[in-house]
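Asks: structure for the following, please:
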Amino acid sequence: MKEAELKLVSELMKNSRRSDRELAKVVGVSQPTVSRMIKKLEKEGVIKEYTMMPDFTKLEYELMVLTFISIKPTLGREEADKERTLVQEQVKESPGNIIMLERGIGLNHTGIIISFHKDYSDYTQFIHSFKQASTTQAYVDENVESFLIDLKDKIRYRPLTLLALANHMLRMKEKKE
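Replies: Got it, this is the predicted structure:
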């Protein structure tokens, strides 16, 4: 990716509501160039959506939870593929509290769920329902562990923001040069 494109993506992550003219000033190119770059990046799938990052506590969420799960090792490939499809359909139909569900590896687990909850009771109801779901019982090992983040805690080190990621991307580019 060209330097100007990376800077544009970073600036859009910081604030996607700015006009092409404002972005052009920051990126250091003309407004028509910014407009063309945006269309190109959208077409290539680099820009997937324009959104904002709310203050989740003002939306009455108290907890952000990272839940670590593992696929049952006894499932055959075909059986696992079938169950994976069922889980994907279940999450699409009823996204509820889940904002991310992905496969991965680490901490003796093969997947992670990131979810937001109004309070601890909401979280316990969610985790109970998750464990009781027929697709979960067929697909996910019993070893489900969660890490709860109190969003109302006054001590914050680096909360979840796209601004932090945008700045990181630019610093990484500078280090390469």
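Asks: alpha carbons only for contacts and neighbour counts from here, please
Replies: Will do.
Asks: A strand includes residue 103, no?
Replies: Yes - with DSSP: H, G, I helix; E, B strand; the rest coil as the criterion, residue 103 is located in a strand.
Asks: what sits opposite it in the beta ladder?
Replies: Beta-bridge pairing of residue 103 under DSSP bridges involves residue 111.
Asks: list the contacts of it.
Replies: Residues near residue 103 by C-alpha atoms under 8 Å, 6 or more residues apart in numbering: 110-112.
Asks: ok, and what's touching the helix or strand bottoming out on mean pLDDT in the chain?
Replies: None of the helices or strands of the chain scores lower by mean pLDDT, DSSP states H and E than helix 134-139, at a mean of 75. For helix 134-139, the external contacting residues (C-alpha under 8 Å, 6+ apart) are 71-72, 75, 80, 83-84, 86-87, 130-131.
Asks: kindly report the same for stretch 13-26.
Replies: Contacts of stretch 13-26 (C-alpha under 8 Å, 6+ apart): 8, 11-12, 30-35, 50-52, 162-163, 166.
Asks: can you do 10 Å?
Replies: 4, 7-12, 27, 29-35, 38, 47, 49-53, 161-167 (C-alpha atoms under 10 Å, 6 or more residues apart in numbering).
Asks: just the buried ones from these, in ChimeraX syntax?
Replies: Buried subset of the contacts of stretch 13-26, written as a ChimeraX selection, criterion 16 or more other C-alpha atoms under 10 Å:
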select :4,7,8,9,10,11,12,27,31,34,38,162,163,166
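Asks: about what we covered before: ok, which pair from the contacts of helix 134-139 is furthest apart?
Replies: Within these, two members stand farthest from each other by C-alpha to C-alpha: 75 and 130, at 19.0 Å.
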